[in-house]
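Asker: how would this look folded up:
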Amino acid sequence: MTPFALGILALMALLGAAWWFSRQKTASAARMVRIILGGGALLAGAIISLRGGVILGGPIGLFGLGLLGDVLRPGRSGSGGGRTASPPSASQSMSVAEAREILGVDADADAAAIRAAHRRLMKKLHPDTGEGSAALARQVQEARDLLLANLPG
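Answerer: Numbering: from 1, shown residues only. Down below sits the predicted model:
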């Protein structure tokens, strides 16, 4: 009876942990997964190395150290190496003249000309085309929005 009761308790603990984990924010959950996987890989690498499999255990242990180092390093969030882009602040917003220069339209351009210039540039600079990037597409989008918002009338 004791193994059965321990199994039930272990199952309930795992279900409780899964429920708690599902309630976490994405960044927090990613950090927890990196810590768990990094610790497990480090432990597995050490055990394999101590049992004579240094060729296999070494890289596994180094992988675990890399995951843990990514999470525990000060100033790093551990969510993909800091590759997330921060949204531009209000002090970085562009002027109307800069927006016209980006889209390549004149000062007297109407909404149709602005949209046509935007469409032409987005076909060229969209991240899916291979030539563009998300930052360039965002800049073109911001220029279009600014010019359309500042149209007279």
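
Asker: tell me how the chain divides into domains.
Answerer: Domain assignment for the chain by automatic domain parsing gives 26-72, 91-149.

Asker: longest helix in the protein, please.
Answerer: Using DSSP state H to assign secondary structure, the helix with the most residues in the chain is helix 26-50.

Asker: list of residues touching that helix?
Answerer: 21, 24, 56-68, 70-71, 77-79 (CB atoms under 8 Å, 6 or more residues apart in numbering). From N, CA and C alone the C-beta is placed, and that goes for glycine too.

Asker: same thing but at 7 Å, please
Answerer: Residues from elsewhere that reach helix 26-50 (CB atoms under 7 Å, 6 or more residues apart in numbering): 21, 24, 56-58, 60-61, 63-65, 67-68, 70-71, 77-79.

Asker: are any of these buried, and which?
Answerer: Those of the contacts of helix 26-50 that meet the buried threshold are Gly57, Ile60, Gly61, Phe63, Gly64, Leu67, Leu68, Asp70, Val71, Gly78, Ser79, by 16 or more other CB atoms under 10 Å.

Asker: could I get the phi/psi values of the second one?
Answerer: Read that as Ile60. Taking degrees, to the nearest 10, you get phi -70, psi -40 for the backbone angles of Ile60.

Asker: and Gly132, helix, strand or coil?
Answerer: What DSSP: H, G, I helix; E, B strand; the rest coil gives for Gly132 is coil.

Asker: on that earlier part again, how far away from the center of its chain is the longest helix of the chain?
Answerer: For helix 26-50, the separation from the chain centroid amounts to 20 Å (computed by CA atoms, centre = their mean, to the nearest Å).
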